[in-house]
Each structure stands twice: as C-alpha cells, then as structure tokens.
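Student: Attaching a predicted model along with its sequence, questions to come.
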Amino acid sequence: MNRTAKCALVLALVVVVGMAFRVSWNALRDVAKTIGADDAAANLYPFVVDGLMALALVAALVLTGDARRFALRVLAAYTLASLVLNYVHGLVPALHSEAVDWGRLADWDPANWALVLLATSLPVGSIYFGSDLVAKVLHHRPAIEPDQQESTHTPVYRSTPEQDEPPAEQPEPQEEVDSSPAAPIEAIETRPQLAVAAEVTHPRRATGRVPAAARSTRPTRTEAELLAEARSLTESWPVDKLTGEGIRKALRTSPAKARIVRETLKAERERDAAAAVTG
C-alpha cells in the first residue's frame, strides 16, 4: 500500500470515528444531565468517557508487556461503560427530554443505583487511569533489538577490577627444543655470527603451562638434520635470498635456528666460492 492509500485510509477512519463520537456524545450528554451535571459539564462528559478510550488505544499501541495489557483493560472497561450508557439512553425515552427526574436512569431502584454509580464514577476513573497511562507512556523505554545488543561492544558484563586489567596474553607457540645431543657440524665451527642466536630478549610474562593437547606433535630435529634439510631446499636459491625469514618458513623452525642455519649456509657458499676462485 502506497502513501496516498494509507493517508486516505487514515482520513476515512478519522471521519468514521468522528461521526460515531457525535452519536455517542448525544447519549452521554443526556445521561450527564440526568445525574446532575450542568450544561457545560454535560457537553464535556462524552470527552471524559470516549476520550479516554482513544487515549487507552494509543497507549496500547506504544506500550509493551504488562503496561500494554493494563491499557487494553482500561480500553475494554470504558468501551463497555459507554456501551451500557448508550443502551440505557435508548431504553429510557425520558432521557431525551428535560422532564426526566434527576438521578433516575432506571425504574428499578437497584438498577438505577448501579447506573448512577457507573455514570458518576467514570470521570474520576478517567482522571486516575488517564494519568497512569500518560505516565507509563512517558516512562516507556523501547526494547533493544538482539542484533543491536551484539553490535554494541562495551565491557558492561565485567566487574570494575576486571575492566582495569589488561587482556590476558595468549600463549606463544613454543620453539623446538633439542632433546638429542648436539651433533658436530664442521661447517658451523667457523660461524662468525653465532652470537646473534644468543641475542638478549626481553623477559616475557608467565602465561602458564601450555596444555598437552596444544603442544606440537612434530618430532624435534637436530641441528645436523636442519642443516641437511636446508642444504636440500636452498640448493637453487641465490645468496641474496638466504634470509632468516625465508629459511624459517621453509624449514618451519624457530627464528633463532633459522639464523644459525642462514649464517652456516652463507659461510659454506663463501667457502665454495673462494675455493672455486683459487682452484
């Protein structure tokens, strides 16, 4: 339905409600005069009853939960009260004239007392229930959608001490530890950059023992095995590509061992080049 059709539908609804209110206004005004209201009060009396019905309907559309059910109960109660008074107005022709006795809405006394009590209590009920509905609407806070709750990233679910603490560090992958005795490597005997492997590192915070399930299951390789594997993998590499990062990725080993292997391979390449020149 487009906007024009919606506007036409709302306008038609307003016209129908206005005409229905005019019909009900006539009956409720006569009832108000019967229970002792003057002309001004009798003209305002229909707004007290039917006006609160409209207010309760709007509140029911805005509120949710128990507040909405309360608004629907008020709407049902005042609709029923207006229906009863309109029905009485149709049953008692004397209400249409000025000759009716004050306070007489029915010939049977118990019925008359009940109707007079109903008609006189509706203005008081409008004050109470109308004020309560307006307060509920003004204090109503719409519920937050679930997707909005997930998209809002705030540390509201943590206590104050936890919010001040820095995030816990994730355990870093452990480097390979040699469990076998160090094998002699003739090429490493003259490595000049061995001290690089023993660089001073900053102390790291203790993160606890790594669970056994998170530990690597790959067998530890000795330096001789790493060097032999490196010779095979980098045989076709030029000297400028013999970097620690490239060797580390190729061998899948620690940066320290990768640097040692790099220096060893470079030393071998330089030794081979010098031997070729002198030979």
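Tutor: Structure's in. What do you need?

Student: Let me see the mean pLDDT of stretch 43-50.
Tutor: Average pLDDT, stretch 43-50: 94.

Student: Can you give me the buried ones in it?
Tutor: Neighbour counts over stretch 43-50 (16 or more other Cβ atoms under 10 Å) mark Y45, P46, V48, V49, D50 as buried. C-betas here are computed from N, CA, C, even on glycine.

Student: Secondary structure and distance to W237 for the residues you listed - can I get that in a markdown table?
Tutor: Shown next, in a markdown table, are those (DSSP: H, G, I helix; E, B strand; the rest coil; distance: Cβ to Cβ, whole Å):
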| residue | secondary structure | distance to W237 |
| --- | --- | --- |
| Y45 | helix | 100 |
| P46 | helix | 97 |
| V48 | helix | 95 |
| V49 | helix | 95 |
| D50 | helix | 93 |
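
Student: Let me see the backbone angles for V16.
Tutor: For V16, the backbone dihedrals (degrees, to the nearest 10) come out as phi -60, psi -40.

Student: I should have written V10 there, sorry.
Tutor: phi -60, psi -40.

Student: What count of nearby residues applies to it?
Tutor: By other Cβ atoms under 10 Å, 10 other residues sit near V10.

Student: now swap in P238 and tell me
Tutor: 8.

Student: and what of the one 3 residues further on?
Tutor: With neighbours defined by other Cβ under 10 Å, the count for K241 comes to 10.

Student: just T253 next, same as before
Tutor: The burial count for T253: 21, using other Cβ under 10 Å.

Student: Domains in this structure, by residue range?
Tutor: 3-141, 186-200+218-278 (automatic domain parsing).

Student: where among those is the average confidence lowest?
Tutor: Across the domains of the chain, the stretch with the lowest average pLDDT is domain 186-200+218-278; it has a mean of 75.

Student: Need the nearest residue in space to L265, chain neighbours excluded.
Tutor: If the residues on either side of it in the chain are set aside, L265 comes closest to L242, at 5.6 Å by Cβ to Cβ, 6 or more residues apart in numbering.

Student: what about dumping the CA coordinates of stretch 16-33 to CSV?
Tutor: Provided in CSV are the C-alpha atoms of stretch 16-33 (Å, rounded to 0.1, in the frame of the first residue of the first chain):
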residue,chain,number,x,y,z
VAL,A,16,-16.0,7.4,10.9
VAL,A,17,-14.7,7.8,14.4
GLY,A,18,-15.8,11.4,14.5
MET,A,19,-19.4,10.5,13.4
ALA,A,20,-19.5,7.7,15.9
PHE,A,21,-18.4,10.0,18.6
ARG,A,22,-21.1,12.5,17.7
VAL,A,23,-23.8,9.8,18.1
SER,A,24,-22.3,8.7,21.4
TRP,A,25,-21.9,12.3,22.5
ASN,A,26,-25.6,12.9,22.3
ALA,A,27,-26.4,9.9,24.6
LEU,A,28,-23.7,10.6,27.1
ARG,A,29,-24.6,14.3,27.4
ASP,A,30,-28.2,13.4,28.3
VAL,A,31,-27.0,10.9,30.9
ALA,A,32,-24.7,13.5,32.4
LYS,A,33,-27.6,16.0,32.7
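
Student: Check the secondary structure at the nearest residue to A111 once chain neighbours are set aside for me.
Tutor: Nearest residue to A111, sequence neighbours excluded (Cβ to Cβ, 6+ apart): L105, at 7.9 Å. Of the three states, L105 takes coil according to DSSP: H, G, I helix; E, B strand; the rest coil.
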